[in-house]
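Visitor: sequence first, predicted coordinates after that:
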Amino acid sequence: MAIKKVTRKGKAKEAEIEKKDQRWHVRNRITLVFGSNEEEDLETYVYGEQSVDFKTVKFHQAKSKAIEEILDNCIDEFYRGHVTEVHTYLSDDKKTVTVEDNGIGILLKKVDAVYTEFRTGSKFKDEDTDKKGFLTRTLGQNGLGAAATCLTSDTFKVRVRHYNSKKEQAFTYTDGALKIKKTRPKPFKGHSGVKVEVVLAKEVYKNNIINKELLRKRIIDLAYNNPGLAFYFNTQKYHYKKGLFELAQRIDGKSAQSLGEIAYIYETTSEKTRKKAKGKIDISISLTIDNNSEERERFIAFVNSTPTFDGGFHQDRFKRLFINALKTKLERPAKKEKITLSDNDILTGLTFIYGITMPNPRFESQTKRKLVKDLQLEKALEKFMKSNMDKWIRKNKDYLDLIMERGRARHKFQELKDAAKKGRKQKKQRVEKLLDANERKDRLKCSLFICEGDSAIGGLRSSRDKVLQGGIALKGKPMNVSQASIKDILNNQEFSDIMAAIGLTIGEPVDWKRIRFSKIIFLADSDVDGGHINTLLTNFFFTFWPELFTKRSIQLAKAPLFEVVTDKGVEFVETDGQLEKLKKNKNIKIKEIMRNKGLGEMSPEAWNYVMARENYTVLEVDNGKSARQMLEVCFGKDSAPRKELLIDHESNKISIQHGGGVTKKKKTKKKKR
């Protein structure tokens, strides 16, 4: 298809083609080389005296990178085996940075080119090998960094002491190397190496003040990444022998662990020269575990000592291998419990400290914030996981339990969320079995008696305070909620009626403004079965609304076991012990003793006694965590702890009829109406 011809009027204006030198280009397009030239918020960490503090800092990418390029050159010399110390100074006005090493220096005739011309350096040959025949490892690869720093500086001074020639020379580059001054080469005494003094150009960076805290952070990072290399910052020494594991210990000495270290060696063939060479990738990964944290995982990751703030292939691949290993290990128990483990269940609270040293790493840009894919690194990571992960899993069974617990909690949360929707509908339903209180204005004055059996409702109906007291009957023993699903509980008619009567919804806290009864009183037979009913009800309410216990809303009304007719009237006795004590009272003559087998056999007088009592027993929780653990022992799926508890209590002759010590019972006086 032919391209359509455009009809234009008159002569068209040509685009103006200009040619700019590299100094102009880097000073006016600094973001292409060093990244953002604006201050930004960065989620990172800084170093306290003995701590690592995670926080948001103000970060200027371009200024930081300009100084780092000078430090990185020292690290490259260390990789070559030439540097043992790096000294950095920041002036009091925070504008002048001085970096000095004790390496072998640079050929004096090459200094101008290294610091004023792009695409000049010694690290372009990816096939270069060290003395042991391994491909060299380096930070700088593009021949841009040091020159870009010089060309964007007001002052850039270099003193080179060249080891081989035994000569030193000083170079001063002013206003982005528009002006250059040199001293004559001369012999030197003392150590060889390079010393660079930089004052960044205010014209380029808008503000040439260096962030002291972040510069110190970068130096300490380099010290952790390069065990054996001593760093000094304003005379303070930083020298670590165990590398990044010491950084993990600084974050959390109690939970710090080394996941492992490997040196992965491989063979490669140059595509250009067809020569064979060996490559070596060193991987070191440590981690800390915060079991109580709800924050997502953190990565402190370095590739050839440079921080990869934006992650990249190394982080993504490792994270997936780590997650998959744990999911595979927990697949069977998760399937058995019908829960699905998420990535967050595994990673929450973990901080990974991750170091890789490798030949020829490739980044997305000169800022080196994100690593791109590398096939040899992928193989190295797979070998690392195969060599270390199983051993780590065996050592961290407690953490596997925590992952399962998170999965259960999340599963239960979703069930509660779904239950809340259904519960809101159930709350609006009319409860046919409810004997309601007639109070309309202030329902907080009302009490609901949960009775054992329909026969009890008749007695309660005739003796209750119709304004303030309501009742609802149970059919036998209620459900054990510890061994039931949320769906089963919602489908249980008795619990559904109780929740609707009170105004409670599973998955939602108690709404005290809308609750229909502020006191919930258990009224069961005075026998073993009645005790079981009370504990099952306690388990139900404490599982979903523990705040009811804090508010002293859950209470226990004991029915009299005996009705004793005496010459002075009728006495209501709750226990065999109380009856024996009454029999021994010489001031009373007993005419008749009637034993109540259950609530349905109580006389109207006994009902009046129960309903008009001035106090009931409050079920009050001393320790929520202990109570929850005890209820799990009493009602959970695992029967072994329950058997141990029963045997222990039997041996000590302690009755656990009403909750096995889960709750503390106190008497409370009923307010007079």
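Guide: Everything's here; your move.
Visitor: and stretch 327-346, what's buried?
Guide: For stretch 327-346, burial by neighbour count (16 or more other Cβ atoms under 10 Å) applies to 327, 329-330, 334, 339, 341, 343, 345-346. Just so you know, the C-beta spots here come from the backbone N, C-alpha and C atoms, and that holds for glycine as well.
Visitor: with just CA atoms, put that stretch into CSV.
Guide: Extracted C-alpha coordinates of stretch 327-346, given in CSV (Å, rounded to 0.1, in the frame of the first residue of the first chain):
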residue,chain,number,x,y,z
LYS,A,327,5.1,-25.6,50.5
THR,A,328,6.3,-29.0,49.3
LYS,A,329,7.3,-29.9,52.9
LEU,A,330,3.9,-28.8,54.3
GLU,A,331,1.8,-30.1,51.4
ARG,A,332,0.6,-33.2,53.2
PRO,A,333,-0.4,-31.6,56.6
ALA,A,334,-2.0,-28.7,54.8
LYS,A,335,-4.1,-31.0,52.6
LYS,A,336,-5.1,-33.0,55.7
GLU,A,337,-6.4,-29.9,57.4
LYS,A,338,-8.0,-28.6,54.2
ILE,A,339,-6.1,-25.3,54.2
THR,A,340,-4.1,-23.6,51.5
LEU,A,341,-0.8,-22.0,52.4
SER,A,342,-0.1,-18.6,50.8
ASP,A,343,3.3,-17.0,50.1
ASN,A,344,2.7,-14.5,52.9
ASP,A,345,2.2,-17.3,55.4
ILE,A,346,5.8,-18.4,54.7
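Visitor: in a strand, that's where E197 is, yeah?
Guide: Yes. Assessed by DSSP: H, G, I helix; E, B strand; the rest coil, E197 belongs to a strand.
Visitor: mind listing what it touches?
Guide: Neighbouring residues of E197 by Cβ atoms under 8 Å, 6 or more residues apart in numbering: 96-98, 155-158.
Visitor: partners of it in the sheet?
Guide: Residues in a beta bridge with E197, per DSSP bridges, are T98, K157.
Visitor: switch the buried residues of stretch 327-346 over to a markdown table; also include distance to E378 and pLDDT.
Guide: Output for the buried residues of stretch 327-346, formatted as a markdown table (distance: Cβ to Cβ, whole Å; pLDDT from 0 to 100):
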| residue | distance to E378 | pLDDT |
| --- | --- | --- |
| K327 | 20 | 95 |
| K329 | 22 | 95 |
| L330 | 25 | 95 |
| A334 | 28 | 92 |
| I339 | 31 | 88 |
| L341 | 25 | 92 |
| D343 | 20 | 94 |
| D345 | 26 | 93 |
| I346 | 21 | 94 |
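Visitor: quick check: next helix or strand after the one helix or strand S496 maps to?
Guide: Using DSSP states H and E, S496 falls within helix 493-502. Per DSSP H and E, the first helix or strand lying C-terminal to helix 493-502 is strand 519-524.
Visitor: give me the next element, helix or strand, following that following strand.
Guide: Later in the chain than strand 519-524, the nearest helix or strand by DSSP H and E is helix 528-544.
Visitor: run the angle between that following helix and helix 493-502 for me.
Guide: Angle, helix 528-544 to helix 493-502, by axes from the mean of the first three to the mean of the last three Cα atoms, to 10 degrees: 60 degrees.
Visitor: pLDDT of helix 528-544, averaged?
Guide: On average, the pLDDT along helix 528-544 is 89.
Visitor: and stretch 507-515, what's buried?
Guide: Neighbour counts over stretch 507-515 (16+ other Cβ under 10 Å) mark 507-508, 510, 515 as buried.
Visitor: actually, stretch 564-575.
Guide: Here stretch 564-575 shows 564, 566, 570-573 as buried, counting by 16+ other Cβ under 10 Å.
Visitor: what's the first-to-last distance across that stretch?
Guide: With Cα to Cα, to the nearest Å as the measure, the ends of stretch 564-575 fall 12 Å from one another.
Visitor: ok, and the most crowded of the contacts of E197?
Guide: Most neighbours among these, by other Cβ atoms under 10 Å: F156, with 28 neighbours.
Visitor: can you show me the helices along the stretch 501-650 of the chain?
Guide: Ranges of helices in the stretch 501-650 of the chain, per DSSP state H, counting those that start in this stretch, are 528-544, 547-550, 576-583, 604-611, 624-635, 640-651.
Visitor: deepest in the core, which of the ones you listed is it.
Guide: Mean neighbours per residue, mean count of other Cβ atoms under 10 Å, is largest over these for helix 528-544, with a mean of 20.
Visitor: other residues contacting that one?
Guide: Helix 528-544 is contacted by residues 450, 452, 474, 477-482, 495, 504, 506-507, 520, 522, 524, 548-549, 554, 556, 559, 619, 621, 627-628, 631, 634-635, 657-660, 662-663 when judged by Cβ under 8 Å, 6+ apart.
Visitor: which parts of the stretch 1-150 of the chain are strands?
Guide: With DSSP state E, counting those that start in this stretch as the criterion, the stretch 1-150 of the chain has strands at 39-47, 52-60, 85-90, 96-101.
Visitor: swap in the stretch 201-350 of the chain?
Guide: 230-233, 236-238, 257-269, 276-289, 298-303, 306-307, 350-357.
Visitor: G145 is nearest to which of those?
Guide: The closest of the strands of the stretch 201-350 of the chain to G145 is strand 306-307. By Cβ to Cβ, the value is 11.0 Å.
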